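Asker: quick check, what structure comes out for this input:
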Amino acid sequence: MITVIKLRTAMLLFIALIVGFAAGALTVFSGQHPAAAVLAGGAAFGAAVLWLDKVVDR
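Answerer: Down below sits the predicted model:
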């Protein structure tokens, strides 16, 4: 069975991915260890998904 992702879900995840990547990149550019960048990016991704889900209309 093929599962189709709704456009809203795809856009929320894409925007959250960009936010997470930016947070990780900025963490590395500030001189932190890459492992800290992965943690910062993951946390930013999760927070962005939760925030966008509340902000974007259904």
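Asker: hmm, A44 and I15 touching each other?
Answerer: No - using CB atoms under 8 Å, I15 is not in contact with A44, being 11.4 Å away. Using the backbone N, CA and C atoms, a C-beta is placed for each residue, glycine as well.
Asker: give me the more crowded residue out of those two.
Answerer: Ranked by neighbour count (other CB atoms under 10 Å), I15 and A44 place A44 first, with 20 against 14.
Asker: next up, the contacts around that one.
Answerer: 19-20, 22-24 (CB atoms under 8 Å, 6 or more residues apart in numbering).
Asker: next one: it from R8, what distance?
Answerer: Per CB to CB, to the nearest Å, A44 is found 20 Å from R8.
Asker: what of A36?
Answerer: From A36 to R8 the distance is 32 Å (CB to CB).
Asker: and what of D57?
Answerer: Taking CB to CB as the measure, D57 falls 9 Å from R8.
Asker: settle it for me: which of those two has more neighbours?
Answerer: Shown here are D57 and R8; by other CB under 10 Å, R8 has more neighbours (13 against 4).
Asker: could you say which helix or strand holds that one?
Answerer: Using DSSP states H and E, R8 maps to helix 7-29.
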